[in-house]
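> next input, structure requested:
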Amino acid sequence: MNLKLKIVVGLVLVLAFHCSYAQQDPQYTDYMFNTLTVNSAYAGSRGHLTATGLHRTQWVGLDGAPKTQSFSVESPVGKNVGLGVVLVNDRLGPSDEFYIDANFSYTLNLNNDSRLSFGIKGGGRMLSLDFTKGNFQEPEGVFENINNKFLPTVGAGVYWHSDNSYVGLSVPNFLTDEHYDGVQNAIAAERLHYFLIAGKVFDLSPRVQFKPAFLGKFVVGAPIIVDLSANFMFDDVLRLGVAYRWDDSVSGLIGLQLGPKLMVGYAYDATTTRLQNFNSGSHEIMLRFELRSREKQLKSPRFF
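Okay, here's the model as predicted:
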């Protein structure tokens, strides 16, 4: 790559990081199946133990582009209580950030068809910086106060759900700690994030279900990020869908229910910004394992 092209790529990366990472948290195309990473009140809402793993490689072909792995386990532990644990590893340029959070939820039965869950979470994150990776330069002494430092997190959420629809609002972290800013290659203060999620399942026929879903990310002083998706489920086995991240990307999604306990999903994002000239898209792979009772295995798989 010649010098002129390197400069162009660098400028485009700065713009892309500014638009996509001004809100500082990892993003997921399969957010509608990875809800515990967004809202602690979701813990235990599926009614049985569920484990979800996800790997995301963003902007393939660009050095230092984001790579994210997440793993969550959640289950009801009583009549109205749910517990869950979330692990996330997020890499961006020279930074490697590891999250661990414990989630607790309490659910109120509003009537026979709907429930209201309240959730809290606590944990922390560890940030490490390695400037031997890629072409980043370390400003002398700037990152000494945050490198290899444990930063606590405290968050909360509320989640209303019925058998075919849901709405949730959450704040993943009330604490404003310092973190690595990949745009400025500097320390930045974390700001409060607000996540709004919603979705509804429509029975189009005995064999076909349709689920539109929404995720909004709101941060004071940063652009609003909106994700819209539409998924179709055929015979409770095959899922096909499309998604759009506002002013960022369009996506195709596919999922297969490989028996009553295991689902596998894949998503591909095609960038719609100027960055599309310098990468071959983003890939996301998801696995979900459910330990359901024999009675629940006879029912249709939950679409959220």
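> what's the closest non-adjacent residue to Arg292?
Spatial nearest neighbour of Arg292, excluding adjacent residues (C-beta to C-beta, 6 or more residues apart in numbering): His48 at 4.8 Å. Where C-beta positions appear, they are placed from N, C-alpha and C, glycine not excepted.
> distance check, the one you found against Lys261.
His48 is 10 Å from Lys261, where distance means C-beta to C-beta, to the nearest Å.
> the two - which one has more neighbours?
His48 (15 against 12; other C-beta atoms under 10 Å).
> could you check the pLDDT of the more buried one?
As summarised for this prediction, His48 has a pLDDT of 92.
> re earlier: looks like the residue nearest to Arg292 contacts Pro76 (just checking).
Yes: proximity of His48 to Pro76 meets the contact threshold set by C-beta atoms under 8 Å, at 7.3 Å.
> ok so Leu36 is a helix residue?
Yes: the assignment for Leu36 (DSSP: H, G, I helix; E, B strand; the rest coil) places it in a helix.
> burial count for it?
Neighbour count for Leu36, taken as other C-beta under 10 Å: 28.
> state the distance from it to Leu175.
Relative to Leu175, Leu36 is positioned 20 Å away (C-beta to C-beta).
> next one: Phe195
Phe195 sits 16 Å away from Leu175 when distances are taken as C-beta to C-beta.
> which parts of the stretch 201-304 of the chain are strands?
Residue ranges of the strands in the stretch 201-304 of the chain, as given by DSSP state E, counting those that start in this stretch, are 202-203, 208-219, 225-234, 238-245, 249-257, 262-271, 282-291.
> the nearest residue in space to Thr35 that is not next to it in sequence and Leu204: what is the separation?
Taking C-beta to C-beta, 6+ apart, and ignoring the residues beside it in sequence, Thr35 has Tyr42 as its nearest neighbour in space, at 4.4 Å. Tyr42 sits at a distance of 26 Å from Leu204 (criterion: C-beta to C-beta).
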